[in-house]
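K.L.:
Whatever this is, show me its structure:
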Amino acid sequence: MNTSEQLIERFYRSFQSKNHADMAACYHLEASFSDPVFHLNNGKEIAAMWHMLCISGKDLTIEFNNIKTVGQSCSAHWEARYTFSRTGKKVHNIIDAAFEFREGKIIRHHDEFSFPRWARQAFGITGWLLGGTPFLRNKVRNTAMTALFRFIEQHPEYQG
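P.N.:
Take a look at the predicted model:
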């Protein structure tokens, strides 16, 4: 296993134990993160997101596998199981991740998952009806970003 793969394994093992501080230590300060919900442009925002998700995911479990290097990039497959707090519905999210590195840290992290599949699980019939629409995606994105910025306001270590 090369150093990039070791870093990604460390990241997911930290996620499994909800060690958000060690997760954050895997990122470069100038890192970016994106998925169908979040688009973040610095290491502090990314660290705050993982912190928020770790403490809000009371029953969150993470499994990961298939970490492999392709050129200067790395990919991984991971799955999250948790109860979506807004609805109380169980979610099993299946995610493929892509990573790029600078100075031994993650500089770009992109997670890809089916938003319609996630929405069906998280919102039930509303997700079935609206999960493929920009309306629901934008509503979820705006709600998530508002929650993240509120979290950052309450945690000075992520400000500035």
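K.L.:
Run through this protein and note the low-pLDDT ranges.
P.N.:
For the chain, not a single residue meets the criterion pLDDT under 70.
K.L.:
Which helix or strand contains residue 147?
P.N.:
Mapping residue 147 onto the secondary structure by DSSP states H and E places it in helix 134-154.
K.L.:
quick one: contacts of that helix?
P.N.:
36-38, 44-45, 48-49, 51-52, 115, 119, 123, 126-127, 130, 158-159 (C-beta atoms under 8 Å, 6 or more residues apart in numbering). Yep, even glycine has a C-beta here, placed from its N, CA and C like the rest.
K.L.:
Among those, the buried ones, what's the PyMOL command?
P.N.:
A single PyMOL command selects the buried members of the contacts of helix 134-154 (16 or more other C-beta atoms under 10 Å):
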select buried, resi 36+37+38+44+45+48+49+51+52+115+119+123+127+130+158
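K.L.:
Filter the contacts of helix 134-154 down to just the ones in helices.
P.N.:
44, 45, 48, 49, 51, 52, 115, 119, 123, 126, 127, 130 (DSSP state H).
K.L.:
so who does the last one touch?
P.N.:
By C-beta under 8 Å, 6+ apart, the contact set of residue 130 is 119, 123, 136.
K.L.:
Next one: the residue lying closest to residue 121 once chain neighbours are set aside from residue 143, what distance?
P.N.:
For residue 121, ignoring the flanking residues on the chain, the nearest one in space by C-beta to C-beta, 6 or more residues apart in numbering is residue 91 at 4.5 Å. Using C-beta to C-beta, to the nearest Å, one gets 15 Å for the distance from residue 91 to residue 143.
K.L.:
And the two? Which one has more around it.
P.N.:
residue 91 (18 against 12; other C-beta atoms under 10 Å).
K.L.:
Could you tell me whether the residue nearest to residue 121 really is in a strand?
P.N.:
Yes. Residue 91: assigned to a strand according to DSSP: H, G, I helix; E, B strand; the rest coil.
K.L.:
so who does it touch?
P.N.:
Residue 91 sits in contact with 80, 81, 82, 83, 84, 118, 121, 122, where contact means C-beta under 8 Å, 6+ apart.
K.L.:
now those residues: which count as buried?
P.N.:
Neighbour-count burial (16+ other C-beta under 10 Å) is assigned, among the contacts of residue 91, to 80, 82, 84, 118, 121, 122.
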